[in-house]
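Student: please find the sequence and the predicted model below.
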Amino acid sequence: MLFPLDAARDAAFPRDAVEAVTHPDPFPFYRRLRQERPLFFDRHLGLWVASSHAAVSAALGHPALRVRPPAEPVPPALQGRAAGEVFAQLVRMTDGPFHAVHKPDVERVARRWTLADVACAAEDAARDLRPRLPANAFIAALPVQTMARLLGVPAGEREATCRWAAQFTQGIAPGADAQAVAQADAAAAALMAQGRALGLSEVQAANRIAFMQQALDAGSGLLGHVALQLAQDPRQAAAADASRDAMRALVREVERWAAPIQNTRRFAAEALTLLGQPIAAGQALLLVLASANRDEAFNTQPDRLDVHREGGRSTGFGAGPHACPGALIAIEMVAASAAWMRAAGQFDHYFGRCTGFRPLPNARIPVFEH
Ligand code: HEM
């Protein structure tokens, strides 16, 4: 039986799959979506919502489903502006031949760093930030500061570079106000000038920004969920403290289980059929990656957080042509910085209680008491 979404809904459930991102426990709602309507059109959101692994993976691999509405490669608010010029060249925001040509270059850059390079950069960032920032500011800053170190940004330019990366990210987000867009323009110009000074092409300079921009919210979410888990479960924390491999296993399983990027979107370039459902050209889809990870058809006992699980699988870093090229970097960065902080002491006191999640439509980032 289908459950009503607009009326008489279970009060414990979020209203929809976007509200679910910041809900205290969205997973029972996701389970019900998977069981009763794994792919349906949510009239309230004006989006198709895919929640089963079959629906999410079919959508991630479908050639007619694009990362941008085909008629609007750049959001109108950014068109003709510096931020829009960068946006148009990001592999994250493009499909087709442009994406196919430039994604391998981005992947090559990501592979250039060894795990030791990443760990070293993350520990250095943690050592620098932890004494001067409270927990929420720390998890917001660590990923972008780590990426700035990996990209070779000189120490004296790091604060400004990370601020520009954050301003660019905020200004290109849907619904950004005029001031945020103006700041994103200035930030884009400054970051592109850095890239050109390094001898990079325009596309390379734009995607150098992406390494910092993509790390920001996603990396903060992963670090936040790992910190939460370590603070909540002392036995698990002690096991993770035993070795870097043990900490990495915890980070990987927390990523699957908590899914810091809960959803991503796609837009139909032409009419298509997905799992027997007709989707019209121009319609948008919300792919609930967090729900796909908890699908029994994808993982056994998916609701159990089990660092020893064998063959655990995740769509949390995406899949198909737009799969995240930063997955290994993100896992190592979080494992290394968490291990460094555990060794530094006062871990539980520093993070305190989780009071909720930042108000974002796709990233689930814990907010700590202090
Ligand atoms: C070092 C940190 C990170 C870097 C440098 C990074 C970089 C990127 C880049 C450049 C893309 C665009 C790829 C493309 O569209 O072809 C991407 C996509 C993606 N990333 Fe990451 N990322 C990082 C961390 C994370 C984390 C922690 C998560 C979640 C746990 C994540 C989840 C995703 C997802 C889901 C996509 C695909 C989005 C889609 O297909 O719609 N990333 N990442």
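Tutor: Now that the structure is in, tell me what you want to look at.
Student: enumerate the residues of the stretch 151-300 of the chain near the ligand.
Tutor: Taking CB under 6 Å from any ligand atom as the measure of proximity, the stretch 151-300 of the chain contacts the ligand at 210-211, 214-215, 218-219, 222, 255, 260-261, 264, 289. C-beta: built from backbone N, CA, C; applies to glycine.
Student: ok, so of those residues, who is nearest residue 151?
Tutor: Nearest to residue 151 out of those is residue 211 (CB to CB; 6.4 Å).
Student: buried residues in the host helix or strand of that closest one?
Tutor: Using DSSP states H and E, residue 211 maps to helix 202-232. Using 16 or more other CB atoms under 10 Å as the test for burial, helix 202-232 gives 203-231.
Student: now, the most widely separated pair of the residues of the stretch 151-300 of the chain next to the ligand?
Tutor: Largest pairwise distance in those, by CB to CB, is 20.8 Å, between 211 and 289.
Student: show me where the chain has its strands.
Tutor: Using DSSP state E, the strands of the chain run over 39-42, 47-50, 65-66, 263-268, 272-274, 277-279, 284-288, 354-357, 366-368.
Student: for the fifth one, name the packing helices and strands.
Tutor: When you say that, I think you mean strand 272-274. For strand 272-274, the contact count by 3 or more CB pairs under 8 Å, 6 or more residues apart in numbering; DSSP states H and E identifies helix 53-61, strand 277-279 as packing neighbours.
Student: what's the most buried one of the ones you listed?
Tutor: Greatest average neighbour count among those goes to helix 53-61 (a mean of 21), per mean count of other CB atoms under 10 Å.
Student: which elements pack onto that helix?
Tutor: Against helix 53-61 (3+ CB pairs under 8 Å, 6+ apart) you get strand 47-50, strand 272-274, strand 284-288, helix 289-293.
Student: so can I have a markdown table of those showing distance to residue 355, mean neighbour count and mean pLDDT?
Tutor: Shown next, in a markdown table, are the helices and strands packed on helix 53-61 (distance: least, CB to CB, whole Å; neighbours: other CB atoms under 10 Å; pLDDT from 0 to 100):
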| stretch | distance to residue 355 | mean neighbour count | mean pLDDT |
| --- | --- | --- | --- |
| strand 47-50 | 28 | 25 | 98 |
| strand 272-274 | 38 | 16 | 98 |
| strand 284-288 | 24 | 25 | 98 |
| helix 289-293 | 20 | 28 | 98 |
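Student: in the stretch 201-350 of the chain, what residue comes closest to the ligand?
Tutor: At 2.3 Å from the ligand, residue 326 is the closest residue in the stretch 201-350 of the chain, using CB to the nearest ligand atom.
Student: what's the spacing between the residue nearest to residue 30 when sequence neighbours are not counted and residue 211?
Tutor: Distances taken as CB to CB, 6 or more residues apart in numbering put residue 291 closest to residue 30, at 3.7 Å, once the chain neighbours are dropped. Using CB to CB, to the nearest Å, we find residue 291 at a distance of 28 Å from residue 211.
Student: now swap in residue 280 and tell me
Tutor: Residue 280 sits 36 Å away from residue 211, taking CB to CB as the criterion.
Student: what does residue 27 give?
Tutor: Applying CB to CB to residue 27 and residue 211 gives a distance of 31 Å.
Student: and for residue 169?
Tutor: 12 Å.
Student: what's the offset of stretch 34-53 from the middle of its chain?
Tutor: 21 Å (CA atoms, centre = their mean, to the nearest Å).
Student: give me the contact list for that stretch.
Tutor: Residues from elsewhere that reach stretch 34-53 (CB atoms under 8 Å, 6 or more residues apart in numbering): 1-3, 5-6, 15-18, 30, 33, 54-56, 58-59, 265, 274-275, 277, 279, 283-288, 291-295, 297-298, 315.
Student: and residue 192, what pLDDT?
Tutor: In the predicted model, residue 192 carries a pLDDT score of 98.
Student: give the contact list for it.
Tutor: Counting by CB under 8 Å, 6+ apart, residue 192 has contacts 82, 86, 202, 205-206, 209.
Student: where does the prediction get shaky in the stretch 1-150 of the chain?
Tutor: 1-10 (pLDDT under 70).
Student: apart from its chain neighbours, what residue comes closest to residue 206?
Tutor: residue 89 (3.9 Å).
Student: ok, now residue 68?
Tutor: residue 93 (5.8 Å).
Student: number of nearby residues for that neighbour?
Tutor: Residues near residue 93, counting by other CB atoms under 10 Å, number 21.
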